[in-house]
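Engineer: next comes the sequence, and after it the predicted model I'd like to discuss.
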Amino acid sequence: MKRIALLGMPNTGKSTLFNRLSGASARVGNWPGITVDLMSAKMLIGGHIAELIDLPGIYDLHGFSDDEQVVRHFLSNNHADLAIIVLNSSQIDRQLSLALQIKNLGLPAILLLNMQDEAKRSGISIDIEAMAQQLGMPVRQISAKYGDGCPQALQLAAKQLAEQFNTVLPKDIAKRLEADVQIEQEMQAILKSSVQVPVQLNDATTDNIDKILLHPIFGLPIFFTAMFLLFQFIFTAGKPLQDGMAWLLNLFRTSALEPALASLPSWLNGLLLDGVFNGVSTVAAFVPIIVLFFLVMSMVEDSGYLSRAAFLMDAFMAKIGLDGRGFVMVLMGFGCNVPALMGTRVMRSRPMRLLTMLVIPLSLCSARLQVFLFMIATLFATSQAAYIMFALYMASFFTIFLTAVLFKGQYKSSEPFILELPPYRFPTARQIWLRGWQEVKYFLNRATKFIIFGVVMVWVLTNYPTNVAPASAGTLAGQIGTLFAPILDPIGIDTQLAIALIFGFVAKEIVIGSLAVIYGLQGDALSHQIATNIDWVQGMSFMLFTLIYTPCLSTIATLKTESKSTKFMWLSIVWSLGLAWVVSFVFYQGARALGF
Amino acid sequence: MTPLNDVKLSSLIPGQHGTIHAIHAEHALHQRLNAMGFRIGKKIQLIRRANFNGPLHVRIGATDIILRDIEAQRIQLAA
């Protein structure tokens, strides 16, 4: 099988192209010589199956960031038949160096110039023929976003694969990576003869938007207002979808599942209906809102606004020992902590990276969002919901700042902060759709792995031994709850909630599912039962604890592999558990002392 | 927009521009600045500064970049 490496600079639309070429068939895999996972996809190209590997976006093949090393180690240890290089047409004057660096390795390559529309707007014209001739590799213009030129690019790749055989061994590449000096001169010569750049470049639209969004006084208030409105929108638009989903699931249970399972022995019937179905359906009701959340987040991420947020927040982040990128990672952590942790690879200084990795698990991810949406709907009026949600986001920020301030002495660094501001871009419907679909796939994957296992375990714990009432103090769950009571009573968390918290350690998606199993109820009946069992102060304390303690096993595993330190992993676990308890304790006892 | 003689990037005021004359940085930072488009002889413009002594927003060719004051001090400009 032929192997194609996809290379390019960050912000060139390389991943968009990968998604477009691979469709939804991409998967994550391990490669020799490197410790991180890369996305790859098998695709039909020129009548043969080829494997396309999406390498991390890099500025410089000879740089020393983790991503740059990953690319070098990949090329030095894996035979690639063809390199597809993706560069941004409008920044070709400085990006061409990467194509030359790869050419110097002796790898057969084709160059795809993306974002020709942006280049055109800036008045840049590129003589493709002249460039291809001087560069000694085929060059094509494409639009990864709209798909223009992509089929032609694939044909070109097929032609190259059929005609040019890569005779360069990975070990020769390793040698050639040692040094190359002519690149800069060669680059200047090619640019001079094939590219014309107007002296004063100006993308008026981006400039005008920046004048407002990066305003010295209004910039930050606008940012936070925009975030608040987005969350408000997700909440308002998601509620009817969520209700509809719950209604559908309930209909499915009463009209199809209950009659079908009626003949089973009662224990199996209980396990399937009150265990698996109740648990999974309670979680599944949140799928629409999570999809909506990711659609909105991916729009914000692709728009270029996040780099602006880094600009606005850097002065503040510097005071707590982090930088503007750390703030962006935290925002990405609102989607899922795992990719945010992996995103810290762009940081070169280890102390800065570790400090950022220590705070990311405190950002309120979408799995925790589910728990809060459920608890808020159960314990608070709809008019209060957005404010409680906002308060939880603020609590998330507060714990992040507190942690950074307390630990910045241990993790001192003088990492330079240099970041590109891409022009504002509108993501296409296809990009948004692909992203949403990937999230649903990921969720269903987790649902089968973690949630079903979790809810079955909870069902067993709350139903055995069989001679006592389910979920009572006599069951295994009750005994565990009693064991933890001395620690959890002072923060207002009762036995039922304690079981949910213990299982929440595996993944937060399980928390609500476990509550459904513990109470043997689903939907509105479950909400009513919880509302009669605990008051809002207990609920808030439970939510604060859920917010702060270790998010999930995947996050812990990522922390360990990314930091390459078991000690750091344990620091993160112990610190977050301790902090969760202290914050919940202060809140619960404080609220009670004030008479609530 | 007066041309400037021998000043640091960090001392420009928004709207002013200059030509990069020298980059005083150790190897790693130098390479990083190079990859972002900071090269001797390139024209550079300061677009804006963030509040509270925050980062600088500069433009080289078609590329907008933000960097901190401390890094901007290492970049020497000439007329």
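Structural biologist: Here it is on my side, so go on. Numbering: from 1, shown residues only, chains lettered A, B, ... in the order given.
Engineer: need the contact partners of the host helix or strand of A:Ala158.
Structural biologist: Assigning secondary structure by DSSP states H and E places A:Ala158 in helix A:150-163. Helix A:150-163 has contacts (CB atoms under 8 Å, 6 or more residues apart in numbering or on different chains) with A:2, A:4, A:17, A:20-21, A:45-48, A:50, A:81-82, A:84, A:108, A:110, A:112, A:138, A:140, A:142-144. C-beta here means a position set from N, CA and C on the backbone, and glycine is covered the same way.
Engineer: ChimeraX command to pick out the buried ones of the residues you listed?
Structural biologist: Burial among the contacts of helix A:150-163 is assessed by 16 or more other CB atoms under 10 Å in any protein chain shown; the matching ChimeraX selection reads:
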select /A:2,4,17,20,21,45,50,81,82,84,108,110,112,138,140,142,143,144
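Engineer: pretty sure A:Gly578 sits in a strand.
Structural biologist: No: according to DSSP: H, G, I helix; E, B strand; the rest coil, A:Gly578 belongs to no strand; its state is helix.
Engineer: please list the residues of chain B that sit near chain A.
Structural biologist: B:28-29, B:31-37, B:43, B:47-48, B:50-55, B:57, B:59-68, B:70-71 (CB under 8 Å from any CB of the partner chain).
Engineer: coming back round to it: could you pull up the mean pLDDT of the helix holding A:Ala158?
Structural biologist: On average, the pLDDT along helix A:150-163 is 87.
Engineer: helices and strands around the very next helix or strand once past it, which ones?
Structural biologist: Counting by DSSP H and E, the next helix or strand C-terminal to helix A:150-163 is helix A:170-176. If you count contacts as 3 or more CB pairs under 8 Å, 6 or more residues apart in numbering or on different chains; DSSP states H and E, helix A:170-176 packs onto helix A:66-77.
Engineer: just give me how far the helix it packs on sits from the chain centre.
Structural biologist: Distance of helix A:66-77 from its chain centroid, counting by CA atoms, centre = their mean, to the nearest Å, is 23 Å.
Engineer: top helix in chain B by residue count?
Structural biologist: Identified as the longest helix of chain B according to DSSP state H is helix B:27-35.
Engineer: okay, and which of the residues of chain B next to chain A map to helices?
Structural biologist: When the residues of chain B next to chain A are checked against helices (DSSP H), the matches are B:Ala28, B:Leu29, B:Gln31, B:Arg32, B:Leu33, B:Asn34, B:Ala35, B:Ile70, B:Glu71.
Engineer: switch these over to a markdown table; also include neighbour count and pLDDT.
Structural biologist: Converted to a markdown table, these look like this (neighbours: other CB atoms under 10 Å in any protein chain shown; pLDDT from 0 to 100):
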| residue | neighbour count | pLDDT |
| --- | --- | --- |
| B:Ala28 | 13 | 77 |
| B:Leu29 | 18 | 83 |
| B:Gln31 | 17 | 77 |
| B:Arg32 | 20 | 80 |
| B:Leu33 | 21 | 86 |
| B:Asn34 | 19 | 80 |
| B:Ala35 | 23 | 78 |
| B:Ile70 | 13 | 91 |
| B:Glu71 | 21 | 92 |
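Engineer: list just the nearest of those to chain A.
Structural biologist: Distance to chain A, by CB to the nearest CB, is smallest for B:Ala35 among these, at 3.8 Å.
Engineer: among the ones in helices among the residues of chain B next to chain A, which two are most distant?
Structural biologist: B:Ala35 and B:Ile70 (18.9 Å; CB to CB).
Engineer: and the residue of chain B that's closest to chain A?
Structural biologist: For chain B, CB to the nearest CB, closest residue to chain A: B:Gly54, 3.3 Å.
Engineer: what's the closest non-adjacent residue to that residue?
Structural biologist: Spatially, and ignoring its direct neighbours in sequence, B:Gly54 is nearest to A:Ala315 (3.3 Å; CB to CB, 6 or more residues apart in numbering or on different chains).
Engineer: which SSE is that neighbour in?
Structural biologist: Taking DSSP H and E as the definition, A:Ala315 sits inside helix A:305-319.
Engineer: can you list the buried residues in that helix?
Structural biologist: Buried, per 16+ other CB under 10 Å, within helix A:305-319: A:305-318.
Engineer: gap between the next helix or strand along the chain from it and the chain center?
Structural biologist: The element immediately downstream of helix A:305-319 (helix or strand, assigned by DSSP H and E) is helix A:324-333. On the basis of CA atoms, centre = their mean, helix A:324-333 sits 11 Å off its chain's mean C-alpha point.
Engineer: please give the element, helix or strand, for A:Leu521.
Structural biologist: Using DSSP H and E, A:Leu521 falls outside every helix and strand.
Engineer: next, count neighbours for it.
Structural biologist: Using other CB atoms under 10 Å in any protein chain shown, A:Leu521 has 18 neighbouring residues.
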